[in-house]
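Colleague: Okay, predicted coordinates and the sequence, questions at the end:
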Amino acid sequence: QARSGTVGGLVVTGPLGVPADATAALRGAPGVQVATEVVHSTVYLGRDRYRAAGVTPEQLTRTLDPGVRGGSLSALAPGTAGVSRNSAGALHARLGGTLDLRLGDGTPAKVRVVALYDRGLGFGDVLLPHDQVAAHIDDPRASEVVVSGGSRAAVDAALRAFPGLKAGPPSAPPAAGPDGGSSTVNLVIMALVVAFTGIAVVNTLAMATSGRRRELALLRLVGTERSQVRAMLRWETLAVTVIAVAVGSLIALATLAAFSVGIAGTPLPHVQPLGYVLIVLAAAGLAWGATAVPGRNVLRTPPVEGIALRE
């Protein structure tokens, strides 16, 4: 839980956000000690836009852990802010300094920096008091409410009057703002890039194999069996796939490690093992298909005819 940035017991979410009445009901539930509202918005410094989150400042450290490395969020109040260390340089922010921001609706706000934190990817670039952010956005409902104390049964009972709201374990830090559309576009672009790359690789391998028809015909003329030629093609494909996966993985690791150090402060990028294995298997399947099919067609040609063909 501490690694995810959430130290509270439960996180309450809903498809349309969590209304203030639901938060009040949660705070009145038996055993609940703290219920921290999190609302997302955007702030501006000059022409630059930054992600911001508004959080209920009371007893904040009992529910959220942004990874404070300087100052303290216990001093978070109207007129103050916490800033992500990743964005501090761009914002020209320093502990104890001031920022002349514009809130989501363009309202100017001069805030003093009271904390610098590490987990900007999860909590956004700027942390502000909840009421200050909620008063300047179209929908003031919280994106999530993090609850500390109280049993699951008590929280569920408090939410019965609010259909659609649900409580679950803290599996990830509060999102730095709803950005589903942009994420979808990025995934589509990445899928298209991968698809066109796969097409180019298949075409290259297929043409390279077809271009070796005289070489393969000569091998058969000197006594090589079809099974031996197919075995040779399989081993060549395996060798090319292993080298390509190894070199590609090392290049990607070097690039992602540098990016991870700059963004997350760690040289170890997050990699999903299952996704990596599926990508490797897909690459191996494409390489094998692009070599086996043209190779089979070439081997169907009598070797005497194959040796007579011009390149």
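Modeller: Everything's here; your move. Computed from a predicted structure; not experimentally measured.

Colleague: okay, CA-based contacts and neighbour counts for the rest of this
Modeller: Noted.

Colleague: avg pLDDT for the strand ranked longest in the chain?
Modeller: Longest strand in the chain, counting residues (DSSP state E): strand 32-45. Average pLDDT, strand 32-45: 91.

Colleague: again with stretch 301-311
Modeller: 66.

Colleague: Make 10 the starting number, not 1.
Modeller: Sure thing, new numbering starts at 10, so read that last one as stretch 310-320.

Colleague: ok so, going back, output the longest strand of the chain as PDB, restricted to C-alpha atoms.
Modeller: Listed next in PDB are the C-alpha coordinates belonging to strand 41-54 (Å, rounded to 0.1, in the frame of the first residue of the first chain):
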ATOM      1  CA  VAL A  41     -13.900   5.700  10.100                       C
ATOM      2  CA  GLN A  42     -11.100   8.100  11.200                       C
ATOM      3  CA  VAL A  43     -10.300  10.000   8.000                       C
ATOM      4  CA  ALA A  44     -11.900  10.300   4.600                       C
ATOM      5  CA  THR A  45      -9.700  12.200   2.100                       C
ATOM      6  CA  GLU A  46     -11.300  13.500  -1.000                       C
ATOM      7  CA  VAL A  47      -9.200  13.700  -4.200                       C
ATOM      8  CA  VAL A  48     -10.400  15.900  -7.100                       C
ATOM      9  CA  HIS A  49      -8.400  16.500 -10.300                       C
ATOM     10  CA  SER A  50      -7.900  19.600 -12.400                       C
ATOM     11  CA  THR A  51      -5.400  21.600 -14.300                       C
ATOM     12  CA  VAL A  52      -3.400  24.600 -13.300                       C
ATOM     13  CA  TYR A  53      -1.400  27.000 -15.600                       C
ATOM     14  CA  LEU A  54       1.800  28.800 -15.200                       C
END
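
Colleague: any idea which helix or strand comes after that strand?
Modeller: Using DSSP states H and E, the helix or strand that follows strand 41-54 in sequence is strand 57-64.

Colleague: Pull out the buried positions in stretch 289-309.
Modeller: 289, 292-293, 295-301, 303-304, 307-308 (16 or more other Cα atoms under 10 Å).

Colleague: Residues in contact with it: which ones?
Modeller: Identification of contacts with stretch 289-309 by Cα atoms under 8 Å, 6 or more residues apart in numbering yields 207, 210-212, 214-215, 218-219, 222, 225-226, 235, 239, 242-243, 246-247, 250, 254, 315.

Colleague: Also stretch 141-156?
Modeller: Contact with stretch 141-156 is made by 15, 17-23, 25-29, 32, 35, 41-50, 62-63, 72-73, 87, 112-114, 116, 183, as judged by Cα under 8 Å, 6+ apart.

Colleague: Could you tell me which of those residues count as buried?
Modeller: The buried subset of the contacts of stretch 141-156 (16+ other Cα under 10 Å) comprises 15, 17-23, 26-28, 32, 35, 41-50, 62-63, 72-73, 87, 112-113, 183.

Colleague: Okay, now the unreliable bits of the stretch 60-209 of the chain?
Modeller: 180-192 (pLDDT under 70).
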